[in-house]
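Undergrad: generate a structure from the sequence data that follows.
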Amino acid sequence: MPSSDNPFSAGKQALGYLYQFRYALLQTLRLPEKTVCFIEKDDDIDFSDPEEGRILASLKHKAPGDALTDLSPDFWKSVRIWLDYYLKNDISTDPVSFFLFTTGQVVVGSLLEVFLPKGEKDDALPNRVRNVLAGSDSRLIKKTTDLLAKLPDDKWADFFRRITIFDSQERIQDIPKLIMNERFRPIRDQFRLPVYERLEGWWNNACIDLLTNKRVEPMRGFEVSEKLAALAQEFRDDSLPIDFEDAEPKNGVSPETDDRYFVRQLRGIGLKSERIRRAILDYYRSFQQRNSWLREMADLSGELETYDDRLVDEWARLREIVFEELKDDAPEELLQKTGRELLNRLTTSDHSNLRIRPQVRATFVTMGSYHMLANDEEPRVHWHPRFEKRVEKILRGRDS
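TA: Numbers count the residues shown, from 1 in each chain. Here you go, the predicted structure:
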């Protein structure tokens with residue numbers, strides 16, 4: 001792990017981007033649902049609301065104990081960004097505000113106190129700003145001073161009255177708990193963290209899409225509310241979250257070379273390669289999903305065992321029906337076809353007993369669970385009508 005003073009470490013920059021995403025989520029949840037949010041447009045975060053106007057927000061996640069003084073680079077760099085926007089756009093009559101959100105604290109008695117929410121910006125502010133900037137020989141400050149020279153004197157008051165500093169803001173590690181405390185009260189306590197993790201994962205992916213132009217539309221407050229409501233629904237008594245519907249093994253899928261018992265069973269009924277590939281995916285997704293449920297809900301273990309027993313019972317009932325007309329001397333082609341029919345009917349059935357909970361309708365959960373049962377050392381389900389007689393040949397490649 002790189003040391004904290006490593007000049008090549010990107011840790012602080014990475015933390016800044018993560019803070020940007022997380023803080024944007026916090027503010028989007030706090031602001032009216034009509035609010036839209038851009039990331040890295042004209043500032044770190046860009047909020048717009050048809051009633052409240054537009055906010056260009058700079059974010060600074062500083063070290064604990066960091067203070068903002070009159071010549072703090074964080075503030076004056078943000079001023080330069082806002083001023084550049086102000087000079088390029090005629091916003092004299094537009095409700096545009098410039099916010100600095102920082103985990104640092106403004107020093108008492110400094111010029112920056114004026115920009116706190118309760119600060120008073122009087123007519124003397126422009127001269128106070130000039131006097132402060134004149135006392136610095138910093139190249140960064142000089143860039144801001146040079147840009148301010150382009151601002152007409154009669155615009156100084158208008159520009160600086162739009163600036164607000166929100167200091168002592170929540171640190172990155174405190175935001176999840178804050179969001180859960182403010183917005184997750186209708187959600188059971190034991191489910192709040194899993195819901196938050198899913199919400200943030202969705203939000204981060206959407207922000208990345210926005211930054212890479214995969215997404216054109218800004219993030220919207222009502223969109224976040226809808227996503228939160230949908231996630232909360234997954235943790236009701238009649239449902240469970242589905243997270244692995246599109247997951248695939250890192251090493252890919254190989255129907256031709258996979259030698260697991262459940263795959264051998266599928267070959268034993270003449271299933272084609274593409275359907276075996278689907279079965280392997282169902283197995284993988286179901287395995288991952290069930291493990292995820294157990295990590296988040298330890299008390300689900302007994303429910304999963306009961307679910308497996310129910311699947312076995314439903315399989316046995318249907319097997320008796322599908323295999324009933326088979327004669328002892330039925331040819332292998334018919335045996336394999338009948339085995340496929342059993343598999344097909346379970347795959348396409350919408351019987352409520354095949355769901356772990358009433359609102360869990362993902363087929364991969366059911367069929368993946370069946371393949372897990374078929375993969376046991378002593379398989380609890382099978383597909384070939386003569387499986388018991390041919391188990392050694394089907395599973396272990398031996399002649400019976």
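Undergrad: then residue 56 would be within a strand, right?
TA: Yes. Under DSSP: H, G, I helix; E, B strand; the rest coil, residue 56 falls within a strand.
Undergrad: so the spatially closest residue to it that is not a sequence neighbour: helix, strand or coil?
TA: In space, and not counting its chain neighbours, residue 56 is closest to residue 43: 4.0 Å by C-beta to C-beta, 6 or more residues apart in numbering. Where C-beta positions appear, they are placed from N, C-alpha and C, glycine not excepted. Following three-state DSSP, residue 43 is assigned to coil.
Undergrad: what sits against residue 43?
TA: Counting by C-beta atoms under 8 Å, 6 or more residues apart in numbering, residue 43 makes contact with 56-58, 78, 81-82, 85, 98.
Undergrad: go again using 6 Å as the cut-off
TA: Residues in contact with residue 43, defined by C-beta atoms under 6 Å, 6 or more residues apart in numbering, are 56-58, 81.
Undergrad: now do it, the pLDDT please.
TA: Residue 43 is assigned a predicted lDDT (pLDDT) of 93.
Undergrad: need phi/psi at it.
TA: Backbone torsions of residue 43, given as degrees, to the nearest 10, read phi -160, psi -170.
Undergrad: distance of it relative to residue 20?
TA: 10 Å (C-beta to C-beta, to the nearest Å).
Undergrad: again with residue 333
TA: 63 Å.
Undergrad: more crowded one of the two?
TA: Neighbours were tallied for residue 333 and for residue 20 using other C-beta atoms under 10 Å; the higher tally belongs to residue 20 (21 against 9).
Undergrad: pretty sure the more buried one sits against residue 44.
TA: Yes. At 5.4 Å, residue 20 counts as touching residue 44 under the criterion of C-beta atoms under 6 Å.
Undergrad: what's the overlap in contacts for those two?
TA: Residues touching both residue 20 and residue 44 (C-beta under 6 Å, 6+ apart) are residue 59.
Undergrad: of the contacts of residue 43, grab the buried ones for PyMOL.
TA: A single PyMOL command selects the buried members of the contacts of residue 43 (16 or more other C-beta atoms under 10 Å):
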select buried, resi 56+57+58+81
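Undergrad: for the contacts of residue 43, which one is nearest residue 341?
TA: residue 57 (61.4 Å; C-beta to C-beta).
Undergrad: what about the helices in the stretch 251-400 of the chain?
TA: Assigned by DSSP state H, counting those that start in this stretch, the stretch 251-400 of the chain shows helices spanning 261-268, 273-296, 301-322, 332-348, 363-374, 387-396.
Undergrad: how is the chain divided into domains?
TA: Domain assignment for the chain by automatic domain parsing gives 11-176, 261-396.
Undergrad: let's have those domains in TSV, adding distance to residue 184.
TA: Listed next are the domains of the chain as TSV, based on distance: least, C-beta to C-beta, whole Å:
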stretch	distance to residue 184
domain 11-176	10
domain 261-396	15
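Undergrad: wait, which of these is closest to residue 212?
TA: domain 11-176 (10.8 Å).
Undergrad: tell me the SS of residue 47?
TA: Relying on three-state DSSP, one would call residue 47 strand.
Undergrad: how many residues are close by the closest residue to it other than its chain neighbours?
TA: With C-beta to C-beta, 6+ apart as the criterion, residue 47 has its nearest non-adjacent residue at 4.2 Å, and that residue is residue 55. Residue 55 has 22 neighbouring residues, counting by other C-beta under 10 Å.
Undergrad: partner residues bridging residue 55?
TA: Beta bridges link residue 55 to residue 47, residue 97, judged by DSSP bridges.
Undergrad: let me know whether it touches residue 46 as I believe.
TA: No. Counting by C-beta under 6 Å, residue 55 does not reach residue 46; the two are 7.3 Å apart.
Undergrad: helices along the stretch 51-200 of the chain, start to end?
TA: According to DSSP H, counting those that start in this stretch, the helices that the stretch 51-200 of the chain contains are 73-88, 125-134, 139-148, 156-161, 175-183, 189-211.
Undergrad: against residue 250, how distant is the residue nearest the centre of the chain?
TA: Nearest to the mean C-alpha position of the chain, counting by C-alpha atoms, centre = their mean, stands residue 201 at 1.1 Å. To residue 250, residue 201 is 19 Å away according to C-beta to C-beta.
Undergrad: got it, and residue 158?
TA: Taking C-beta to C-beta, one finds residue 158 at 56 Å from residue 250.
Undergrad: settle it for me: which of those two has more neighbours?
TA: More crowded of residue 158 and residue 250, by other C-beta under 10 Å: residue 158, with 13 against 5.
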